[in-house]
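*Asks:* Could you work out the structure for the sequence below:
(one chain, ligands or ions: 1)
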Amino acid sequence: MLKLFRYLKPYSWLLVATVALLFLQSLSDLYLPTLMSDIVDKGIVQKDTGYIWSTGGWMLLIAFGGTICSVIAMYLSSRIAIGYGRDLRGKVFHHVGKFTLREFDSVGTASLITRTTNDVQQMQQVLIMMLRMMISAPIMGIGGLIMAYNRDHVLTWILAISLPVMGLTIWFIASKGMPYFKIMQKRIDKLNLVLREFLVGIRVVRAFNRDEHETERFTSANWELTDTGIRVNKLMAFFMPAMMLIMQFTVIAVTWFAAKRIDIGEMLVGDMMAFVQYVFQIMFSFLMASFMFVMIPRAQASAVRINEVLAMEPEFDDPASPKTAKGQKGYVEFTDVSFRYPGAEQAVLSGISFKAEPGEVTAIIGGTGSGKSTLIQLIPRFYDVENGRVLVDGVDVREMTQETLRQKIGFVPQKAVLFTGTAADNIRFGKEDATDEEIRNAAATAQALDFIQEMEQGFDSPISQGGSNLSGGQKQRLSIARALVRKPEIYIFDDSFSALDYKTDARLRAALRNETGEATVLIVAQRVSTVVDADRIIVLEDGRIAGMGTHKELLTTCGVYREIVASQLSEEEIA
Ligand SMILES: Nc1ncnc2c1ncn2[C@@H]1O[C@H](COP(=O)(O)OP(=O)(O)OP(=O)(O)O)[C@@H](O)[C@H]1O
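*Replies:* Numbering: from 1, shown residues only. Coordinates of the predicted model:
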């Protein structure tokens, strides 16, 4: 947790001011019982009304000053903690932004969300608590002890018994609570995961009448969290009464022994009253410290989870001295590439070598799970190869910056992903400074113009979360337009025409041919009709190249291709 507190540096001055104010407030609290004891012993007992008025006035002034210090300190500590929470969330977000897909796969989206929100909130809360109590508690505790000792040496032995008892109780409860706090955060993760899957997949859940099943999953995750919460609260329920009991016993003991000492004239009534107040202050400071001990383990569990994310180094980063390609534009080459997903026993791709040249269309076809999507994800360097090299414009993708590399690419993913905003915003995502004309042209080529114009507000029509107010084909066309507006050197279409009907698919490919001109085009497809005109078709089978050539060449040279074709086209179409 201390590691995370280094992000408090920008708040150094506010911290100093808070500490100073809390210090003054604690001093005022410590001084008040002494003044009160003086009023009793010197003012009331000796019937000195003037003394009562003047000391009472002082008491009011000091109490007022202490309150002002306390109010300002509370305000400052809240500002520090809230600012710190914002900074920490930003830090985690920016760090996660640098992750490669490997780290996303390993932590999981739901957990990353909990860590950025709930875990940071735990840190924020503990910081407020620490700021408010870490200063007051020791000053009140130690200062109170000194003052109490000064009032009466003899009675201090009562504290020598009750304070260790209190300390032991706190330690016992904190050590019991710690494992639960860790479990609690994990269970919040799980609840988030179930909730997220349910909300994202609501249509599938409804279509398969799985509401009940999902409700059960949610209820079970919810109960697991509740169960841990109840266990923690049971501990806490025991905690407060235990503390109060120790406190009350101490006060009874002090009053009992003080009464005896007053009887024999060794103690004054005012001293006893001050002593009791100091006992309260000392014990209260222990109680404050114990609250921290309760909160710190939970925040500690959160801090570990945040640190885990912050300490996670992306699998790869940009090279120190990146190379830039000269001359070539959009040239893609794979040389003997193999790749395996983390933890997987078998390689998904092996011995992949091919060239995709500017002005050409290279299509990749193959059965499901043959590695087509994996192959094209290596070009924008979503993952690094295990062996071999992926070259773009003659430079290994690992030797150029990811930004330079991705600037060259217009990527259309298999599953269209849209963002909340307007239709135009979604296309402009591909090129920030795109003009209205460019957006319109991209939409026209992507065969999206008709349906966008039919929408009530045209390009300004709102797109809801995940594009849920559009059809599958409309989503695909918008995400194609987003890639087209970039006018990249390399187009990558990952099975992006699957949701289009044959007519739209054909029209779109004809329009694309004009648009893509000198760019390199890579198309992953399931349909033979989509790839039949390609300059080069790569046939993938179980992560290996089973054949490569034009449609005509492959019909004679590649058995796997023939099988795919035979399963899709009629005899005349094949000829
Ligand atoms: N993120 C991942 N982590 C682990 N394994 C993965 C991951 N993505 C894909 N795989 C595995 O890699 C193999 C190839 O998947 P890939 O998505 O490349 O196939 P594909 O040919 O594009 O299939 P489809 O045509 O069905 O989209 C599959 O066996 C799949 O289970």
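*Asks:* how about the residues of the protein that lie near the ligand?
*Replies:* Neighbours of the ligand within the chain, by CB under 6 Å from any ligand atom: 105, 341, 344, 348, 366, 368-374, 414, 495. C-betas here are computed from N, CA, C, even on glycine.
*Asks:* Export stretch 375-382 to PDB, keeping only CA atoms.
*Replies:* The C-alpha trace of stretch 375-382 is given here as PDB (Å, rounded to 0.1, in the frame of the first residue of the first chain):
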ATOM      1  CA  LEU A 375      -2.800 -14.700 -38.700                       C
ATOM      2  CA  ILE A 376      -4.100 -11.300 -39.600                       C
ATOM      3  CA  GLN A 377      -3.900 -10.100 -36.000                       C
ATOM      4  CA  LEU A 378      -0.100 -10.500 -36.200                       C
ATOM      5  CA  ILE A 379       0.100  -7.700 -38.800                       C
ATOM      6  CA  PRO A 380      -1.000  -4.800 -36.500                       C
ATOM      7  CA  ARG A 381       1.100  -6.600 -33.800                       C
ATOM      8  CA  PHE A 382      -1.800  -7.500 -31.500                       C
END
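*Asks:* so how far is that stretch from its chain's centroid?
*Replies:* Here stretch 375-382 shows a centroid-to-chain-centroid distance of 25 Å under the convention CA atoms, centre = their mean, to the nearest Å.
*Asks:* related to what we said a few turns ago, let me have the residues of the chain next to the ligand in CSV, adding neighbour count as columns.
*Replies:* Formatted as CSV, those follow (neighbours: other CB atoms under 10 Å):
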residue, neighbour count
105, 14
341, 15
344, 9
348, 19
366, 24
368, 8
369, 12
370, 21
371, 22
372, 25
373, 17
374, 19
414, 16
495, 22
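*Asks:* Kindly present these as TSV, with separate columns for pLDDT and secondary structure.
*Replies:* Below are the residues of the chain next to the ligand laid out as TSV (pLDDT from 0 to 100; DSSP: H, G, I helix; E, B strand; the rest coil):
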residue	pLDDT	secondary structure
105	81	helix
341	87	coil
344	79	coil
348	91	coil
366	89	strand
368	84	coil
369	86	coil
370	89	coil
371	91	coil
372	92	helix
373	92	helix
374	93	helix
414	85	coil
495	85	coil
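*Asks:* and the two most separated of the residues you listed?
*Replies:* 105 and 366 (22.9 Å; CB to CB).
*Asks:* for the helix or strand harbouring residue 547, packing partners?
*Replies:* Taking DSSP states H and E as the definition, one finds residue 547 inside strand 544-549. Judged by 3 or more CB pairs under 8 Å, 6 or more residues apart in numbering; DSSP states H and E, the packing partners of strand 544-549 are strand 349-356, strand 536-541, helix 551-557, helix 559-568.
*Asks:* ok, and which of those has the densest surroundings?
*Replies:* Counting by mean count of other CB atoms under 10 Å, strand 536-541 has the highest mean neighbour count of these, with a mean of 23.
*Asks:* Name the residues that touch that one?
*Replies:* With contact meaning CB atoms under 8 Å, 6 or more residues apart in numbering, strand 536-541 is reached by 354, 356, 360-367, 370-372, 375, 531, 545-551, 554, 558, 560-561, 564.
*Asks:* circling back to that earlier point, which one of the helices and strands packed on strand 544-549 lies nearest to residue 315?
*Replies:* Closest of these to residue 315 is strand 349-356, at 17.2 Å (criterion: CB to CB).
*Asks:* Quick one: mean pLDDT for the helix or strand where residue 478 lies?
*Replies:* Assigned by DSSP H and E, residue 478 belongs to helix 472-484. The pLDDT scores in helix 472-484 average 90.
*Asks:* so residue 7 makes contact with residue 89?
*Replies:* No: look at residue 7 against residue 89 with CB atoms under 8 Å: they stay out of range, at 10.8 Å.
*Asks:* So the two - more neighbours on which side?
*Replies:* Neighbours per residue (other CB atoms under 10 Å) separate residue 7 from residue 89, with residue 89 holding more: 19 against 16.
*Asks:* isn't there a helix covering the more buried one?
*Replies:* Yes: Residue 89: assigned to a helix according to DSSP: H, G, I helix; E, B strand; the rest coil.
*Asks:* got the contact list for it?
*Replies:* By CB under 8 Å, 6+ apart, the residues touching residue 89 are 116, 117, 120.
*Asks:* re earlier: check which helices and strands the helix or strand that the helix holding residue 478 is followed by is in contact with.
*Replies:* The helix or strand immediately downstream of helix 472-484 is strand 490-494, counting by DSSP H and E. Strand 490-494 sits against helix 372-377, strand 409-412, helix 472-484, strand 520-525, with contacts defined as 3+ CB pairs under 8 Å, 6+ apart.
*Asks:* quick check: angle from the helix or strand just after strand 490-494 to strand 520-525?
*Replies:* Toward the C-terminus, strand 490-494 is succeeded by helix 502-516 as the next helix or strand (DSSP H and E). For helix 502-516 against strand 520-525, the angle by axes from the mean of the first three to the mean of the last three CA atoms, to 10 degrees is 160 degrees.
*Asks:* what's in contact with helix 502-516?
*Replies:* Around helix 502-516, the neighbours that count as contacts under CB under 8 Å, 6+ apart are 361, 444-447, 473, 477, 480, 484, 491, 497, 500, 521, 527, 529-530, 533.
*Asks:* Can you select the buried ones among those for me in ChimeraX?
*Replies:* Applying 16 or more other CB atoms under 10 Å to the contacts of helix 502-516, the buried members can be selected in ChimeraX as follows:
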select :361,444,445,446,447,473,477,480,484,491,497,500,521,527,530
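*Asks:* what sits against residue 459?
*Replies:* Contact partners of residue 459, counting by CB under 8 Å, 6+ apart, are 422, 423, 424, 436, 439, 440, 443, 452.
*Asks:* Nearest residue to the last one in space, please, no chain neighbours.
*Replies:* When the adjacent residues along the chain are set aside, residue 452 lies closest to residue 423, with 5.2 Å between them (CB to CB, 6 or more residues apart in numbering).
*Asks:* measure the one you found to residue 469 for me?
*Replies:* Distance, residue 423 to residue 469, using CB to CB, to the nearest Å: 10 Å.
*Asks:* When the two are compared, which one has more neighbours?
*Replies:* Taking other CB under 10 Å, residue 423 and residue 469 do not tie; residue 423 has more neighbours (27 against 14).
*Asks:* Now do the contacts for the more buried one.
*Replies:* Neighbouring residues of residue 423 by CB under 8 Å, 6+ apart: 443, 452, 455, 458, 459, 460, 461, 463, 478.
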